[in-house]
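Q: coordinates only, no sequence provided:
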C-alpha cells in the first residue's frame, strides 16, 4: 500500500463487525514498518484491567501495530470525551509530525466525532455533576434539561443518562445552554479524514454478539469482573456493557443466566443505536463486514480518497 498523500482513516460501525481486525490488516500493508498506527475510539477500551469484556485489541494485535488511547485510565477514574479528545489529538499530532499515518477505529460515536470534527468541548463542572447524579430518576433529569435547553433535550434520548447528565452539568455550570456549544452532532462539515463504515445484517450481528459473550466467558470474563468489583470502578466504567450485568449478578441481584441474557439484550440494542448514529453521517462510505476482499476494497477507497482532496467534501 502506498504511503504517499495518505490522509487519516476512520473505521466506524456497530460492535462485533470486525473494525479492529480490518484496521490492523490495513496498517500491516504499509511497506515501511510502523508507518501506520491505530488510535482507538472506544469509550471502554481506555480502561486498564477491563480487557476481556470490552473486546479490546488482542495481545497479538497490539504487538503487530502500535495502538493509542488503549489502557490510559484507571477503572476508578471517570474518563470522558474531553479527556479522550486531548489524548487522541496528541497521538494524532505526534504521528503526523513523525510522518506516520493514523487509523482511528471504534464504535463510540462521540469519540470519533471529537477527533474527526474537532468538537469544542465544554468545561467540566464536577460540583454540578455530583448534585445532578444524586437524582436517580433519569427521566426527571431529562425533563429538567428540557425546561432549560429544549434544543439539547430533543437530541438526547430520555433514557441516555450519561448524555442527559452531561448536558445538564454544562447548562447549569456554564449558565449557557448545552446546545450553544458548537453546531452539534447533526452537522457534518467537510473533513480531511477518509470515513468508512462496516455494515452487517442484523441477524448476523446478533449471532456475533452471542458468540462473543461465549468466548469472553470462556476467557475468564467473570473473574475479570470479580477483580474489578473488589478494586472499585467509576460510575462511567460501571456502566460498561456486560460488566454492569455481571456486577449485579455478583451482588446477588440476579442469576448468572439472567445477567448474561440482559447483557446480550443491551448489547444488541446498543449495536442498533450505533448503526443509527453512524448512518446519519453522509460522509461515511459503507462496506460489508466479512467480505473476502474487504481489505482490498477499503484500501483502494482510502488511496483514491487521499489522491483526490475533494472527496472530503462529499
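A: Received it, and whenever you're ready, just let me know what you need. Computed from a prediction, not measured in an experiment: that's the story for all the values here.
Q: surely residue 44 meets residue 50?
A: Yes - because the distance of 6.1 Å satisfies Cβ atoms under 8 Å, residue 44 is recorded as touching residue 50. C-beta coordinates here come from the backbone N, C-alpha and C atoms, glycine included.
Q: report the set of residues contacting both of these two.
A: 237, 240 (Cβ atoms under 8 Å, 6 or more residues apart in numbering).
Q: please, where are all the helices along the stretch 101-250 of the chain?
A: With DSSP state H, counting those that start in this stretch, the ranges of helices along the stretch 101-250 of the chain come out as 109-116, 126-133, 138-148, 150-154, 161-174, 202-218, 221-231, 235-238, 243-250.
Q: pull out the buried positions in the last one.
A: The one in question is helix 243-250. 243, 244, 245, 246, 247, 249, 250 (16 or more other Cβ atoms under 10 Å).
Q: what does the fourth one give?
A: By neighbour count, with 16+ other Cβ under 10 Å as the criterion, the buried positions of helix 150-154 are 152, 153.
Q: for the first one, same thing?
A: Buried residues in helix 109-116, defined by neighbour count with 16+ other Cβ under 10 Å: 109, 110, 111, 112, 113, 114, 115, 116.
Q: touching, the fifth one and residue 121? I think so.
A: This points to residue 113. No - counting by Cβ under 8 Å, residue 121 is not a contact partner of residue 113; they are 11.0 Å apart.
Q: contacts for the helix ranked longest in the chain, please.
A: Secondary structure assigned by DSSP state H gives helix 256-279 as the longest helix of the chain. With contacts defined as Cβ under 8 Å, 6+ apart, helix 256-279 is touched by 12-16, 107, 109, 197, 199, 202, 205-206, 209-210, 213, 217, 222, 241-242, 244-246, 248-249, 254, 284.
Q: ok, now stretch 119-133?
A: Stretch 119-133 is contacted from outside by 80-82, 85, 113-114, 141, 165, 168-170, 172-174, 178, 181-182, 235, using Cβ under 8 Å, 6+ apart.
Q: first vs last residue of it, how far apart are they?
A: End-to-end span of stretch 119-133 (Cα to Cα, to the nearest Å): 25 Å.
Q: cool, stretch 96-112 as well?
A: Stretch 96-112 stretches 18 Å from its first residue to its last (Cα to Cα).
Q: just the buried residues of that stretch, please?
A: 100-112.
Q: same thing with stretch 39-54?
A: Buried residues in stretch 39-54, counted by 16+ other Cβ under 10 Å: 39-47, 50-54.
Q: reformat those into CSV and put secondary structure next to each item.
A: As requested, the buried residues of stretch 39-54 are exported to CSV (DSSP: H, G, I helix; E, B strand; the rest coil):
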residue, secondary structure
39, strand
40, strand
41, coil
42, coil
43, coil
44, coil
45, coil
46, coil
47, strand
50, coil
51, coil
52, coil
53, coil
54, coil
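Q: where does the stretch 201-314 of the chain dip in pLDDT?
A: Scanning the stretch 201-314 of the chain for pLDDT under 70 picks out the ranges 307-314.
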